[in-house]
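Trainee: Below is the sequence, then the predicted model.
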Amino acid sequence: MKTDNRTGDRQHDTSARAFTSRRQVLAAAALAPALTAAGAPTATAATATVTAGSKPAERTNPHGERVSPVPTALEDWAGVARALGRAGNMLRGTIYHTGFPRRDLRVVSEGVNVTPGLALGTHVAFVRYADGSTMLMGDVAVTEDELQRATDAWLAHGIGQTALHKHLLAQTPDIWWTHVHAHGHDPVAMARGLRAGLDRTGTPPARPPRPSVPVDLDTAGMEAVLGTKGTVEDGIYKILFVRRETIADGHLILPPGLGSTSAFNFQPLGGGRAALSGDCAMLADETPAALKALRRGGIKLVELHNHHLAEKPRLFFTHFWAVDDGVALARAIRPALDATNVVPAPIG
């Protein structure tokens, strides 16, 4: 990856060179042509990733071409699953996803008992690329007491952090969410580094999935307003949208929806009412209109932040909160969706 503007391709214009400079913060290193087989010897976590600004990162992609994700299957991630201590699932053929719901926490926000599926989940994703490298990206829920020691463990294992923020208002106990990121040649070592930080938290062991049950919401009415189908997971009704643009993190093209999703999560409260929590992905010039639309609908704003350090186009995300009738909430968020360039996410 080209990171020195003084030796950059002369065909690039000034804005391209400025973007290349921003990409220096991306942790990158070469990965072996194929994922290591389960049980094969792996590098230490310290060598699995390259920290921001290091010389190996400069040699990863000398011509600066963008690299696309490639399809993988569950068996390709068997070593990662063992390192994380639980099985994951494939999303849209390219994203290996693992959830770590914080079922150990009892969190209340504005009088609502928040369930793990609404806003207490840790989610991590691994993506393999055409150059043989792997990127790790995730959002981890930690208590305030856990935050510093988990951070120290990740940093010691080459796992970077790209955001630190809140998802909830006035919650007890105090919960923080931190985005983690790594790119390197050994996904199992990256998983071990991630696990080292998770082990500094109270994240509980995995448990068998429970069967999906109907939710006490007018989902048909909500879907009619939002123009797409939702899904039920862990008792939460979810509707997702993805950016229309191709988003790249440095030279790595992100699969649709990875780190660029507008997610609307509804926790049923009875009588058709719901607690709404989620994340809206916006370009800089969309942000004022989207925030204004949310507030006009009575939606409370929680956080405005980034998920990445080197993405293009630059994305901003707002977390929000509201309690109301489910269809009324859908009507309140629709103008914010209309202010952003998104489409319904494919299910599966």
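Mentor: Done, it's in.
Trainee: for stretch 90-107, which positions count as buried?
Mentor: Using 16 or more other C-beta atoms under 10 Å as the burial criterion, the residues of stretch 90-107 that qualify are 90-92, 94-103, 105, 107. Backbone N, C-alpha and C define where each C-beta goes, glycine included.
Trainee: Quick check: phi and psi on residue 149?
Mentor: Backbone torsions for residue 149, taken as degrees, to the nearest 10, come to phi -70, psi -30.
Trainee: same check, this time on the one 3 residues further on
Mentor: Per-residue torsions, residue 152: phi -60, psi -40 (degrees, to the nearest 10).
Trainee: Give me the neighbour count for it.
Mentor: 13 (other C-beta atoms under 10 Å).
Trainee: now do residue 199
Mentor: Residue 199, neighbours per other C-beta under 10 Å, totals 12.
Trainee: got a list of what it touches?
Mentor: Shown in contact with residue 199 (C-beta atoms under 8 Å, 6 or more residues apart in numbering): residue 153.
Trainee: Need the per-residue pLDDT for it.
Mentor: At residue 199, the model reports a pLDDT of 97.
Trainee: how far away is it from residue 193?
Mentor: 11 Å (C-beta to C-beta, to the nearest Å).
Trainee: Pick the one among the buried residues of stretch 90-107 closest to residue 164.
Mentor: Closest to residue 164 out of the buried residues of stretch 90-107 is residue 102 (16.7 Å), distances taken as C-beta to C-beta.
Trainee: Could you report the neighbour count for the nearest residue to that closest one once chain neighbours are set aside?
Mentor: Leaving aside its sequence neighbours, residue 102 sits nearest to residue 120 (C-beta to C-beta, 6 or more residues apart in numbering; 4.3 Å). By other C-beta under 10 Å, the residues close to residue 120 number 23.
Trainee: and residue 120, how far is that from residue 222?
Mentor: Applying C-beta to C-beta, the value for residue 120 to residue 222 is 22 Å.
Trainee: same deal with residue 177?
Mentor: Relative to residue 222, and taking C-beta to C-beta, residue 177 is found at 25 Å.
Trainee: higher neighbour count, those two?
Mentor: Shown here are residue 177 and residue 222; by other C-beta under 10 Å, residue 222 has more neighbours (25 against 22).
Trainee: Going by residue numbers, what spans are strands in the stretch 101-250 of the chain?
Mentor: 107-109, 112-114, 121-128, 134-143, 160-165, 171-172, 175-184, 231-233, 236-243, 248-249 (DSSP state E, counting those that start in this stretch).
Trainee: how about those strands, which one is nearest residue 76?
Mentor: strand 121-128 (7.1 Å).
Trainee: Just the angle for the closest one relative to strand 175-184, thanks.
Mentor: 10 degrees (axes from the mean of the first three to the mean of the last three C-alpha atoms, to 10 degrees).
Trainee: Tell me which strands strand 121-128 pairs with, and in which orientation.
Mentor: Paired strands of strand 121-128, with direction, are strand 95-101 (antiparallel), strand 134-143 (antiparallel) (DSSP bridges).
Trainee: and of these, who's closest to residue 267?
Mentor: Taking these one by one with C-beta to C-beta, strand 95-101 is closest: 13.2 Å.
Trainee: Could you verify my assumption that residue 64 touches residue 251?
Mentor: Yes. Judged on C-beta atoms under 8 Å, residue 64 makes contact with residue 251 at a distance of 6.3 Å.
Trainee: So those two - more neighbours on which side?
Mentor: residue 251 (25 against 17).
Trainee: Look up how far residue 282 lies from that one.
Mentor: Separation of residue 251 from residue 282 (C-beta to C-beta): 23 Å.
Trainee: again with residue 271
Mentor: Distance of residue 271 to residue 282, given as C-beta to C-beta: 32 Å.
Trainee: Which one of these two is surrounded by more residues?
Mentor: Between residue 271 and residue 282, residue 282 has the larger neighbour count (other C-beta under 10 Å), namely 24 against 10.
Trainee: Next, give phi and psi for that one.
Mentor: According to degrees, to the nearest 10, residue 282 has phi -140, psi 150.
Trainee: Bridge partners for it, pull those for me.
Mentor: Per DSSP bridges, the residues bridged to residue 282 are residue 316.
Trainee: Past the worst-scoring helix or strand of the chain on mean pLDDT, which element shows up next along the chain?
Mentor: When the helices and strands of the chain are compared on mean pLDDT, DSSP states H and E, helix 55-59 comes out lowest with a mean of 32. For helix 55-59, the following helix or strand on the C-terminal side (DSSP states H and E) is helix 78-84.
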